[in-house]
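K.L.:
my questions are about this predicted structure, shown below with the sequence.
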Amino acid sequence: MGIASGFMIVLIIVGILTLFACFVTVQQGTVAIITQFGKYKRIMHAGLNIKLPFIESIQRRISVQNRSAELDFQAITQDQANVYFKAMLLYSVVSENEEVLRNVAFKFVNDRDFMTALIRTIEGSIRGFVATKKQAEILSLRKEIIDDVKDQIDHVLESWGFHLLDLQLNDITFDEAITRSMAQVVASSNLKAAAENEGQALLITKTKAAEAEGNAIKISAEAERMAAQLRGQGVALFRQEVAKGMSEAAREMQEANLDGSFLLFSMWTESIKHFAETGKGNTIFLDGSPENMQRTMQQLVSTQQGMKK
């Protein structure tokens with residue numbers, strides 16, 4: 001009786017354990033590959049699933065989420081310069097299709113072998129592209145390198161059940177000697193550009209100064225010309241007015257039956273008065289003797305008679 005009871009208890013415990021073994025939980029974002037006696041049987045998706053204990057087993061759990069990997073490798077350019085790359089790779093399973101998941105589960109022994117193949121494939125593609133380019137071109141070809149890698153390995157990854165979502169070249173560096181020489185080239189180019197700009201600025205400054213000086217000279221010359229013209233016009237008008245005044249004075253004296261020499265004498269005395277008033281301290285010597293006055297009057301009369309002729 002005691003043996004039978006113990007056997008029943010064992011059977012109950014085994015039954016309970018077997019029942020619990022029938023239930024399998026698959027985490028969100030993953031799928032489970034089920035094999036039966038080592039052969040692929042089916043796929044379990046996220047959530048609670050049932051499997052046959054001791055007959056079916058979970059071969060692998062595959063993540064269907066996006067995955068990333070970092071790459072750090074070296075390449076050599078066409079002109080034998082070492083280039084160091086640091087890249088980030090983003091990839092995922094193509095889809096949750098059963099055929100795709102079977103391919104992912106059994107294409108490689110484990111994830112480590114898959115990652116090795118993936119990284120070496122990308123490194124080889126980048127090295128092949130860089131080997132056809134010169135060192136001076138590499139920094140400007142970041143996008144071209146990425147596009148070339150995607151074109152080459154997309155179909156390879158798809159045959160493995162994966163899809164390349166993104167490839168980022170986060171850092172591209174060279175040997176210290178090359179980096180230093182590149183910095184010197186950039187510095188010399190900047191100095192050359194600065195010198196050219198300074199020369200252009202100096203040329204513009206001097207040109208503008210010369211233009212301003214020329215314009216000033218031109219304006220000054222034009223002003224001098226206008227002033228001279230105005231002075232000449234003033235002198236001409238003054239002479240016209242003097243001649244007009246003398247003519248009117250002579251006509252009035254003739255109408256009054258006065259000697260014309262009186263007019264000349266009056267003009268002479270007015271001139272002497274003007275000299276005295278506007279001389280500003282200058283000394284003027286005049287001969288005031290009767291003989292000199294008579295001689296002056298004779299000269300003025302002679303001048304008047306010459307003007308009448």
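P.N.:
Received the coordinates, thanks. In this text, all values refer to a predicted model and were calculated from it rather than measured experimentally.
K.L.:
doesn't V10 belong to a helix?
P.N.:
Yes: counting by DSSP: H, G, I helix; E, B strand; the rest coil, V10 is found in a helix.
K.L.:
how about stretch 92-102, which residues are buried there?
P.N.:
Neighbour counts using 16 or more other CB atoms under 10 Å place 93-94, 100-101 of stretch 92-102 among the buried residues. C-beta coordinates here come from the backbone N, C-alpha and C atoms, glycine included.
K.L.:
and of those, the nearest to I219?
P.N.:
V94 (82.8 Å; CB to CB).
K.L.:
and the closest one, how close does it get to L157?
P.N.:
8 Å (CB to CB, to the nearest Å).
K.L.:
any shared contact partners between those two?
P.N.:
Common neighbours of V94 and L157, using CB atoms under 8 Å, 6 or more residues apart in numbering, are H163.
K.L.:
coming back round to it: which two among the buried residues of stretch 92-102 are spaced furthest apart?
P.N.:
V94 and L101 (9.4 Å).
K.L.:
joint contacts of the two?
P.N.:
Common neighbours of V94 and L101, counting by CB under 8 Å, 6+ apart, are G161.
K.L.:
can you give me the helices in the chain?
P.N.:
2-21, 98-107, 111-130, 135-138, 142-160, 176-255, 260-278, 290-308 (DSSP state H).
K.L.:
count of neighbours near the nearest residue to F108 once chain neighbours are set aside?
P.N.:
Nearest residue to F108, sequence neighbours excluded (CB to CB, 6 or more residues apart in numbering): F114, at 4.2 Å. Neighbour count for F114, taken as other CB atoms under 10 Å: 16.
K.L.:
for F114, what are its contacts?
P.N.:
Contacts for F114 were tallied using CB under 8 Å, 6+ apart; they are 107-108, 160.
K.L.:
let's go with 10 Å and repeat that
P.N.:
104, 107-108, 160-162 (CB atoms under 10 Å, 6 or more residues apart in numbering).
K.L.:
again with F20
P.N.:
By CB under 10 Å, 6+ apart, the contact set of F20 is P53.
K.L.:
with F129 instead?
P.N.:
Residues near F129 by CB under 10 Å, 6+ apart: 75, 138, 141, 144-149, 152.
K.L.:
mind putting those residues into TSV with distance to F54 and pLDDT?
P.N.:
Output for the contacts of F129, formatted as TSV (distance: CB to CB, whole Å; pLDDT from 0 to 100):
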residue	distance to F54	pLDDT
A75	53	88
I138	59	84
L141	58	84
E144	56	88
I145	53	87
I146	50	87
D147	52	87
D148	51	86
V149	47	86
Q152	46	83
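K.L.:
select, from those, the two members most distant in space.
P.N.:
Largest separation among the contacts of F129 by CB to CB: I138 and Q152, giving 17.9 Å.
K.L.:
who's more crowded, those two?
P.N.:
Between I138 and Q152, counted using other CB under 10 Å, I138 has the larger neighbour count: 20 against 16.
K.L.:
mind checking how far G38 is from E56?
P.N.:
From G38 to E56 the distance is 11 Å (CB to CB).
K.L.:
neighbour count winner among the two?
P.N.:
E56 (18 against 8).
K.L.:
is that one in contact with I43, as I believe?
P.N.:
No: using CB atoms under 10 Å, E56 is not in contact with I43, being 11.8 Å away.
K.L.:
which residues do these two both contact?
P.N.:
With CB under 10 Å, 6+ apart, E56 and I43 have common neighbours I34.
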